[in-house]
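>>> Only the shape, not the letters, is given here:
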């Protein structure tokens with residue numbers, strides 16, 4: 001079985017070749033501030049702590065490993081616990097504002113002996129220091145999670161245990177401790193897309209992602225479409241804008257009132273992207289960037305810090321485990 005942290009045989013070259021590019025894309029820093037030192041973290045804004053939180057650990061996780069949990073003070077990462085949810089890569093995460101808890105869903109990890117990868121089905125709730133297992137689902141990784149206008153945790157897409165066939169395209173809602181499928185038409189099945197809740201227009205925005213191959217050695221689609229989730233229905237609102245991509249960062253900037261997209265990969269063979277765009281509810285506009293920037297990032301953690309009104313970007317697969325902030329005008333390396 002192909003290591004599940006890589007989407008499929010066609011995308012397997014990306015994490016290595018693009019990861020090497022990511023490692024060279026930002027200047028090295030001599031800061032001694034604490035850092036999680038992981039390239040496969042997930043993140044969310046914890047409304048209780050009023051901080052950005054990331055969950056992850058260095059190296060490839062195996063059965064029996066636990067992820068660590070860190071919070072961002074604005075100047076450094078502070079360790080909350082090394083006894084977080086079981087270790088995993090390529091999971092989904094979000095803060096459930098209605099229940100006052102974080103959700104970490106699915107992902108992949110290695111067998112205890114490190115010999116093989118497998119996609120996992122376990123979901124965890126709680127944080128930042130105490131976690132409990134909630135209802136399982138079918139094995140899934142590379143899914144996207146968000147909280148919608150009704151306070152519901154929504155999950156879309158992802159990649160199942162069967163890597164070479166069609167990928168899931170369902171929409172799920174968390175009810176109590178279990179994800180239940182929402183029967184609705186919507187975006188084509190895809191993994192490594194991104195969701196953000198636009199609190200100004202009270203709607204969830206989905207952008208981009210990559211399709212599963214239709215068969216062995218078949219091409220994949222790199223989506224560049226934009227969809228809105230509102231009133232438990234999907235609606236496509238744009239087919240043009242940023243170049244199609246996947247493994248990108250995306251947040252809603254509450255101060256500016258726009259959705260921000262940064263970096264990601266544009267194709268499976270050496271197509272790193274270093275651009276940044278904003279969605280104002282009707283159209284995409286590219287944001288001109290001045291150096292320095294984080295450079296190319298493949299599946300970074302990107303979270304809006306509501307208390308500090310800044311976007312926080314951390315790490316990315318194969319890249320430096322550093323921290324950057326976007327203040328609405330420029331990027332600045334802060335850790």
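Noted; the coordinates are in hand. Predicted model only: the values in this text are computed from it and were never measured.
>>> For the stretch 201-335 of the chain, which segments count as strands?
203-210, 222-230, 233-238, 249-253, 258-262, 276-279, 284-286, 301-305, 310-314, 323-326, 331-333 (DSSP state E, counting those that start in this stretch).
>>> could you dump the ones you listed to TSV with distance to residue 37, mean neighbour count and mean pLDDT?
From N, CA and C alone the C-beta is placed, and that goes for glycine too. As requested, the strands of the stretch 201-335 of the chain are arranged in TSV below (distance: least, CB to CB, whole Å; neighbours: other CB atoms under 10 Å; pLDDT from 0 to 100):
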stretch	distance to residue 37	mean neighbour count	mean pLDDT
strand 203-210	27	26	97
strand 222-230	30	20	97
strand 233-238	38	15	97
strand 249-253	19	23	98
strand 258-262	22	24	98
strand 276-279	26	20	98
strand 284-286	32	14	98
strand 301-305	13	23	98
strand 310-314	11	25	98
strand 323-326	12	24	98
strand 331-333	16	17	98
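>>> looking at those strands, which is closest to residue 78?
strand 323-326 (12.3 Å; CB to CB).
>>> got the strands of the stretch 201-335 of the chain as JSON lines, with distance to residue 109 columns?
Shown next, in JSON lines, are the strands of the stretch 201-335 of the chain (distance: least, CB to CB, whole Å):
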{"stretch": "strand 203-210", "distance to residue 109": "22"}
{"stretch": "strand 222-230", "distance to residue 109": "27"}
{"stretch": "strand 233-238", "distance to residue 109": "31"}
{"stretch": "strand 249-253", "distance to residue 109": "23"}
{"stretch": "strand 258-262", "distance to residue 109": "27"}
{"stretch": "strand 276-279", "distance to residue 109": "32"}
{"stretch": "strand 284-286", "distance to residue 109": "36"}
{"stretch": "strand 301-305", "distance to residue 109": "18"}
{"stretch": "strand 310-314", "distance to residue 109": "21"}
{"stretch": "strand 323-326", "distance to residue 109": "25"}
{"stretch": "strand 331-333", "distance to residue 109": "31"}
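>>> now the closest residue to residue 267 other than its chain neighbours, which residues is it bridged with?
Leaving aside its sequence neighbours, residue 267 sits nearest to residue 222 (CB to CB, 6 or more residues apart in numbering; 5.8 Å). In this entry, residue 222 is beta-bridged to residue 210, by DSSP bridges.
>>> contacting residues for residue 222?
208, 210, 211, 244, 245, 246, 266, 267 (CB atoms under 8 Å, 6 or more residues apart in numbering).
>>> Verify the stated contact: residue 220 with residue 191.
No - with contact defined as CB atoms under 8 Å, residue 220 does not count as touching residue 191 (9.8 Å).
>>> what number of residues lie near the residue lying closest to residue 51 once chain neighbours are set aside?
Closest residue in space to residue 51, ignoring its immediate chain neighbours: residue 71 at 4.3 Å, by CB to CB, 6+ apart. Neighbours of residue 71 under the rule other CB atoms under 10 Å: 18.
>>> Do you know the pLDDT at residue 71?
Looking at residue 71, its pLDDT is 98.
>>> do residue 21 as well
At residue 21, the predicted lDDT confidence score is 43.
>>> Tell me the secondary structure at the residue nearest to residue 51.
Secondary structure, DSSP: H, G, I helix; E, B strand; the rest coil: residue 71 is strand.
>>> Could you verify my assumption that it touches residue 77?
Yes - in this structure, residue 71 is within contact of residue 77 by CB under 8 Å, at 7.2 Å.
>>> and residue 266, what is it in contact with?
By CB under 8 Å, 6+ apart, the contact set of residue 266 is 222, 243, 244, 245, 272, 273.
>>> Now, of these, which are buried?
The neighbour-count test (16 or more other CB atoms under 10 Å) marks 222, 244, 245, 272, 273 as buried among these.
>>> From residue 119, how far out is the closest residue to the second one other than its chain neighbours?
Beyond its immediate neighbours in the sequence, the residue positioned closest to residue 244 (CB to CB, 6+ apart) is residue 224, lying 3.4 Å away. In this structure, residue 224 and residue 119 are separated by 27 Å, where distance is defined by CB to CB, to the nearest Å.
>>> cool, residue 316 as well?
For residue 316, the distance to residue 119 - CB to CB - is 21 Å.
>>> quick one: which of the two has more around it?
Comparing residue 316 with residue 119 by neighbour count (other CB under 10 Å), the higher total belongs to residue 316, at 32 against 24.
>>> so what's the more buried one up against?
Residue 316 neighbours (CB under 8 Å, 6+ apart): 22, 39, 263, 297, 298, 299, 300, 301.
>>> from those residues, which is closest to residue 109?
Nearest to residue 109 among these: residue 39, at 14.9 Å, using CB to CB.
>>> Make sure residue 289 is actually in contact with residue 276.
Yes - contact criterion CB under 8 Å: residue 289 and residue 276 qualify, at 5.7 Å.
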